Structures are given as C-alpha cells and as structure tokens.
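>>> no FASTA, just this:
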C-alpha cells in the first residue's frame, strides 16, 4: 500500500473566519523566534523572499544538522512564520510574510493600543535594519 505524501507544511494561525491574531498564537510565534537557530532561519528566509530555499540549502547555509533543522522548521511552520511546499523531491521553505505582519500588527494593537507613535515604532523602524546579514557560523561537520 502506497503512503500519502504531505505536500504542504501547514501552521497554526488565526482562523479563516477571523483575521485577528490571538495571544496564544502571538506567544507561539515569539517563542519560536526566541531561539537563536530559528531566528537565523527566519531571517535567512526573509532575505530569500519570494524564492525561498530548500531544506538542505538552509542546513548548509546555517551549519545545522538536517534532523535538527527539521525540528526547527516544524516549530516555525506551526507558529505561522514559514511555509513549505513540495517542489519535486524537495520542500521549498519561504517566510510567511503575512504571518509576520499579523504578529507585528498584534503587538502594535495590543501593546500600543493601535497607536505606533506611542511606542516610537517609526524611529525604531528607521534605525533598525530588518533582516540584515546573518552572523557568521562555523561550517557544520560532516
């Protein structure tokens, strides 16, 4: 009997009937980004938008063993920060830009009561370089 092949990596996100992000979803996304390797993966995929990268390429670029990378990708996907789609024999991962927008929107609405000027977010955006060069990592051992 042939096994079914999962073609798309899904994620935990706001329901189809609501665009509102919940606090539990925001916590999931923030926790996913709170780990250095996952943050590096997300930053790399943001820089590679919209083309994305194959899992093996990501592993090679950040120096992460494939089995560990698979765990990190799963956590990021369930948090709604990345998506994966099958392309032949590979799964191409892309940053979920809408997921990140929803997270930032939640934080602005929740923390700043919908007024980004209260938190000086415009200054932070002007001063910060989003997704700048990733830190140099040692090549992984084979």
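Arrived safely. In this text the structure is predicted, and so the values were computed from the model without any measurement. Numbers count the residues shown, from 1 in each chain.
>>> lowest average confidence, helix or strand, in this protein?
Ranked by mean pLDDT, DSSP states H and E, the weakest helix or strand in the chain is strand 8-9, scoring a mean of 44.
>>> by contact count, what packs against whichever helix or strand comes after that strand?
Going down the chain from strand 8-9, the next helix or strand is helix 23-33, by DSSP states H and E. Applying 3 or more CB pairs under 8 Å, 6 or more residues apart in numbering; DSSP states H and E, one finds that helix 23-33 contacts helix 36-47, helix 66-78, helix 97-111. (Each C-beta comes from the backbone N, C-alpha and C, glycine too.)
>>> pLDDT (mean, whole number) over the longest one?
Helix 97-111 carries an average pLDDT of 86.
>>> Buried residues in that helix, which are they?
99, 100, 102, 103, 106, 107, 108 (16 or more other CB atoms under 10 Å).
>>> so who does the fourth one touch?
Yep, that's residue 103 we're talking about. Contact analysis of residue 103 by CB atoms under 8 Å, 6 or more residues apart in numbering lists 21, 26, 29, 30, 80, 81.
>>> And the last one, what's its pLDDT?
Looking back up the chat, that one is residue 81. 96.
>>> for the second one, same thing?
Among the per-residue scores, residue 26 holds a pLDDT of 93.
>>> which ones are touching the residue nearest to it when sequence neighbours are not counted?
Nearest non-adjacent residue to residue 26, counting by CB to CB, 6 or more residues apart in numbering: residue 106, 4.9 Å away. By CB under 8 Å, 6+ apart, residue 106 lies in contact with 21, 25, 26.
>>> Also residue 66?
55, 56, 59.
>>> Recalculate using a threshold of 10 Å.
Residue 66 makes contacts with 55, 56, 58, 59, 60, 140, as judged by CB atoms under 10 Å, 6 or more residues apart in numbering.
>>> Name only those of those that count as buried.
55, 58, 59.
>>> ok, those vs residue 38, which is closest?
The closest of those to residue 38 turns out to be residue 58 (CB to CB; 11.3 Å).
>>> Hmm, the closest one is touching residue 41, no?
Yes. Residue 58 lies in contact with residue 41 (CB atoms under 10 Å); the separation is 6.2 Å.
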